[in-house]
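Undergrad: Build me a model:
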Amino acid sequence: MQEVRHDGIKVSYIMPGSVNTRFGGDEPDDSKAWQLQPADIARVVLNLLQHDERSLPSRVEIRPSQPPKK
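TA: Numbering: from 1, shown residues only. Next up, the predicted model:
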């Protein structure tokens, strides 16, 4: 990340928790409604793209707000 900063390239890591997608062979369904939705991650990406040029959010960790109790 630091090696390309002076070239005007910004790198941000998005670290999502459980996302209700087909990734890993799972099928999205209502029992996974507690999981993040793909649109939640898309909003994070849009927010990063709209940041001022003076700022660099290097890491975003996003998790479901109400995971099931174990």
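
Undergrad: tell me the secondary structure for the closest residue to residue 1 other than its chain neighbours?
TA: Nearest non-adjacent residue to residue 1, counting by Cβ to Cβ, 6 or more residues apart in numbering: residue 11, 4.2 Å away. No exception for glycine: its C-beta is placed from N, CA and C like everyone else's. Classification of residue 11 by DSSP: H, G, I helix; E, B strand; the rest coil places it in coil.

Undergrad: Is it correct that residue 11 is in contact with residue 2?
TA: No: counting by Cβ atoms under 8 Å, residue 11 does not reach residue 2; the two are 9.0 Å apart.

Undergrad: Count the neighbours of residue 1 for me.
TA: 12 (other Cβ atoms under 10 Å).

Undergrad: For residue 9, see how far away it is.
TA: According to Cβ to Cβ, to the nearest Å, residue 1 and residue 9 sit 9 Å apart.

Undergrad: cool, residue 18 as well?
TA: From residue 18 over to residue 9 (counting by Cβ to Cβ), the distance is 30 Å.

Undergrad: okay, those two: which has more neighbours?
TA: Applying other Cβ under 10 Å to residue 18 and residue 9 shows that residue 18 carries more neighbours, namely 13 against 9.

Undergrad: did I read that right, residue 61 in a helix?
TA: No: per three-state DSSP, residue 61 lies outside any helix segment and is strand.

Undergrad: Look up the closest residue to residue 17, ignoring the ones flanking it.
TA: residue 63 (3.7 Å).

Undergrad: ok, now which ones touch the one you found?
TA: 16-18, 36 (Cβ atoms under 8 Å, 6 or more residues apart in numbering).

Undergrad: I appreciate the help and will end here.
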